[in-house]
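1. Pasting a predicted model and its sequence here:
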Amino acid sequence: MSQSRPGTASAKSARPRPTDAELAALAEFRATLRKFLAFSEQAAAAQGVTMQWYQALLVIKTFNSNSPITVGELANQLMIRHHSAAELVSRLEAGKLVRRESDSDDRRKSLLVITAAGERRLADLAAVHLEHLRAVEDSFLKPFKVPATSLGSPDALQAEP
């Protein structure tokens, strides 16, 4: 007996069709997410950086490793191509927010270190983002506040009174 793989026609037909309430919840969540991203863009611009710079600073600062992040790892985290990450790092470096250091184990790699100016810019932006998220946190979760067992049922994701 063969099992269907995800993405095949038989696997797709086995999935329950989303209810109108589930579709509405997804649309509401997507709109909320887009509003947050628009806010983030405006907040970054007010600090003189792009949203991509802010995201890069966040990744560089918080990368979980025993050593600083490489350009390749930054590219993976931001889901961009290596050459795009290298150009982004060059712009961050020109803005004195990041500096490159040579990897003592592999001279082909550049390690990225956030500067004091980058730390200050990141702290300011993170504070603004956290404040905004605290103010709107319910709107992110509201569409999906239902017991897990009711997902997929006709009454799933009905708005609470």
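-> Everything's here; your move. The shown structure was predicted, so the numbers you read here are calculated from the model rather than taken from an experiment.

2. Could you name the helices and strands sitting against whichever helix or strand residue 135 is part of?
-> Residue 135 belongs to helix 116-141 when assigned by DSSP states H and E. On a contact count with 3 or more Cβ pairs under 8 Å, 6 or more residues apart in numbering; DSSP states H and E, helix 116-141 meets helix 20-46, helix 51-62. Quick note: C-beta positions are derived from backbone N, CA and C, even for glycine.

3. deepest of those helices, which one?
-> helix 51-62 (a mean of 19; mean count of other Cβ atoms under 10 Å).

4. got the angle between that one and helix 116-141?
-> Using axes from the mean of the first three to the mean of the last three Cα atoms, to 10 degrees, the direction of helix 51-62 lies 100 degrees away from that of helix 116-141.

5. same for helix 51-62, what does it pack against?
-> helix 20-46, helix 71-78, helix 82-94, strand 98-102, strand 110-114, helix 116-141.

6. Out of the helices and strands packed on helix 116-141, which is closest to residue 123?
-> Closest of those to residue 123 is helix 51-62, at 9.4 Å (criterion: Cβ to Cβ).

7. Mind exporting the C-alpha coordinates of that closest one to PDB?
-> Output of helix 51-62 as PDB, limited to C-alpha atoms (Å, rounded to 0.1, in the frame of the first residue of the first chain):
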ATOM      1  CA  MET A  51      14.000  47.300   7.600                       C
ATOM      2  CA  GLN A  52      16.600  44.900   6.100                       C
ATOM      3  CA  TRP A  53      19.300  46.700   8.000                       C
ATOM      4  CA  TYR A  54      17.300  46.300  11.200                       C
ATOM      5  CA  GLN A  55      16.700  42.600  10.500                       C
ATOM      6  CA  ALA A  56      20.400  42.100   9.800                       C
ATOM      7  CA  LEU A  57      21.400  43.800  13.100                       C
ATOM      8  CA  LEU A  58      18.900  41.600  15.000                       C
ATOM      9  CA  VAL A  59      20.400  38.400  13.400                       C
ATOM     10  CA  ILE A  60      24.000  39.500  13.900                       C
ATOM     11  CA  LYS A  61      23.400  40.400  17.600                       C
ATOM     12  CA  THR A  62      21.400  37.300  18.400                       C
END
